[in-house]
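Peer 1: sequence below, structure please.
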Amino acid sequence: MENYEIIRAGILVIGGGAAACQAAISAKNEGADVFIIDKGQLGKSGCSPNAHGGMAIYHKHEKDNWKVHMADTLMSGGFLNDQEVVKAMCEGGLKFNRILEHYGSIFNRDDDGTVSVRSFGGHQYNRTVFCGDETGHEMMAGLKREIFRQNIPFIDELMIVKLLVDDAGVVGTIGWDLKKGGFFKIMADAVILATADSSGVWPSASERQRGDGTYLAFDAGAELTDCEFIQYHPTHAWWPYGVRGSVSESFRSEGGYLLNSEGERFMLRYDPEQKELATRDKVSVCVYKEILAGKGAEHGGIYATVAHLAPGHVERRLPIIFKKYMDFGYDVRKGPIEVRPRPHYVNGGVVVSINSETKVPGLYAAGAVTAGVHGANRLGSNSLVDIMVFGDIAGTHAAMTLKEKKFSEKAVDQVVKSEIRRIEDLFSDSKKKPITVAPIKRQHWELMDECMGVIRTEKKMLKLLKEVERTKDEELPHLVVHNKSRVYNYEVRDALEIPFRLLVEEVGVRAALARKESRGSHYRDDFPTRNDKEWLKNIVFFKEDGEIKMETREVKQSVMRMEELPKYAASDSPWH
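Peer 2: Residues are numbered from 1 along each chain as shown. Model prediction:
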């Protein structure tokens, strides 16, 4: 079966979250012909709808400004951030409060009518705007409304499996229709990847974040960096079992405490200044150390409580968390819940320029699929501003520089047919020693949890790397699907994602083995201290003659030098 449907567009946006929607809107505003392809359902897929906390854009305090915000971001990121893109984010975020409200999104306001702001870990000042604890959902409601208002066409539940590239750069994509089991060839003069990060290769993280964009970009010739930095959210709901999912940082920013089994508010011991609002990497390591010391909660986590807050506060400021637990018969106003650090966000990803360009002509990337903004650790509430700012930049720049590409139809069709045959081969009954998706997926989830967790060792990471290589060599060629249906067959989707998973695992563990220090969300038990003398540099991956190559690059201190950061500290800041 080598038949396929054809779509032509000026700009193709891949993804369905906030970065994708804003990229499409901005490109359309510049007059471009735009088309959106979403693996899930537009406005409901990706991680944007599940972003509860807020968006760090409003420098309301008289001493706060974009430079202080940037300094906070660099401090949290272990100074490995791309400073030019951090500057663009911190300078360019404020307008999106107005833009999103124009789309119909609603944010909390104070009694005087000004936008409310709350604190998040690692921020010196309250600068995070929010809508209760469902900010991402509210943002997506507005963005989707604007997509419909502008009549921007899109297709849901179409999985992009390969980017088409020739000497002119990216010229299109190949997609597998999850609804019908057919194929699409989508030709475009520019492609914007806005597909979320790859933390779904760990257990307990959202399976919406499966590394699609990371793989597609790298396969097409783009570079990856900072892949060793996987942020563990320190307060992932752990018990009761059905309440799994992250407990928003707003739980702590609204005054929540973390307690060990002895009832001690242990963050006072680890960080008496920032306490529960230390950066996520630090809180995660502290929680994990308490658990390893035998001071964990009954089911293996740690306790978190808001029971001491004023009456009515939880219902008003944390309505989603309150309702989620009440649905399981548990009232968070009356006692602690049990949480534990779990994978939340991969800080690394595709290398992009200040204009969201990759090194592949015509290929852009925006949002969580990219690297550079967050460095070694992401500040809470920086993600939503990141995806809005760079979704806008990617869409605008792609539209303003759009040029019609000339390419060989024959060469492109050969690639399309080869990819179709690869996917059809999954349905084969003739393979010797066939292996299905489930055991591979289960094994690698367990390996990632064991070997690339909060605290890492060389022995464990070498074990993971060996298994990745074995899976690539011995199992991937024999991969088949048990379910032969073509209609909504998610086993096919999972099988197509195995190469995505293996790439994310390989570059992550190779970078983690190479970085012989601890920095940000990369903590090695055998190298527990930070080493700026040898490791103030990024680890970059690229393809050369079909092989994965790795090199280090010095951090460019183009906007702020490390020794300048203390001058941006508040008088009561722990930086002093």
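
Peer 1: what is the neighbour count of G15?
Peer 2: Using other CB atoms under 10 Å, G15 has 34 other residues around it. The C-beta positions use only the backbone N, C-alpha and C, and glycine is treated the same way.

Peer 1: so what's the closest residue to it other than its chain neighbours up against?
Peer 2: Leaving aside its sequence neighbours, G15 sits nearest to A194 (CB to CB, 6 or more residues apart in numbering; 3.5 Å). Residues counted as contacts of A194 (CB atoms under 8 Å, 6 or more residues apart in numbering) are 13-15, 17, 19-20, 23, 213, 365-367, 369, 387, 391, 394.

Peer 1: apply 6 Å and report the result again.
Peer 2: With contacts defined as CB atoms under 6 Å, 6 or more residues apart in numbering, A194 is in contact with G15, A19, A20, A23, A366, G367.

Peer 1: and it, how far from A365?
Peer 2: Counting by CB to CB, to the nearest Å, the gap between A194 and A365 amounts to 7 Å.

Peer 1: same thing with Y4?
Peer 2: Taken as CB to CB, the spacing of Y4 relative to A365 amounts to 25 Å.

Peer 1: circling back: which phi and psi values does the residue nearest to G15 adopt?
Peer 2: Geometry field for A194 lists phi and psi as phi -140, psi 60, criterion degrees, to the nearest 10.

Peer 1: distance of it from L12?
Peer 2: Relative to L12, and taking CB to CB, A194 is found at 11 Å.

Peer 1: next one: V487
Peer 2: Here the distance between V487 and L12 works out to 25 Å (CB to CB).

Peer 1: settle it for me: which of those two has more neighbours?
Peer 2: Counting neighbours by other CB under 10 Å for V487 and for L12 shows that L12 has the greater number, 28 against 9.

Peer 1: count of residues packed around M550?
Peer 2: When neighbours are defined as other CB under 10 Å, M550 has 14 of them.

Peer 1: and the strands in the stretch 151-300 of the chain?
Peer 2: Secondary structure of the stretch 151-300 of the chain by DSSP state E, counting those that start in this stretch: the strands cover 154-155, 158-166, 169-177, 183-193, 224-225, 230-239, 245-246, 257-259.

Peer 1: nearest to A297, of those strands?
Peer 2: Taking CB to CB as the measure, the strands of the stretch 151-300 of the chain were each checked against A297, and strand 230-239 came out nearest at 7.5 Å.

Peer 1: what lines up beside that closest one in the sheet?
Peer 2: Applying DSSP bridges to the sheet, strand 230-239 is found paired with strand 245-246 (antiparallel), strand 337-346 (antiparallel).

Peer 1: isn't S116 up against D110?
Peer 2: Yes - applying CB atoms under 6 Å, one finds S116 in contact with D110, separated by 5.2 Å.

Peer 1: so between these two, which is more surrounded?
Peer 2: In this view S116 and D110 are compared by other CB under 10 Å, and S116 has more residues nearby, 18 against 10.

Peer 1: ramachandran angles for the more buried one?
Peer 2: The phi and psi values for S116, taken as degrees, to the nearest 10, are phi -70, psi 150.

Peer 1: please apply the same query to M326.
Peer 2: Backbone torsions for M326, taken as degrees, to the nearest 10, come to phi -60, psi -30.

Peer 1: likewise for the one 4 residues further on?
Peer 2: Summarising the backbone geometry of Y330 under the convention degrees, to the nearest 10, its torsions are phi -120, psi 130.

Peer 1: what count of nearby residues applies to it?
Peer 2: Residues near Y330, counting by other CB under 10 Å, number 14.

Peer 1: look up how far E338 lies from it.
Peer 2: Computed with CB to CB, the distance linking Y330 and E338 is 10 Å.

Peer 1: circling back to that earlier point, and Y4 and A365? which has more neighbours close in?
Peer 2: A365 (32 against 18).
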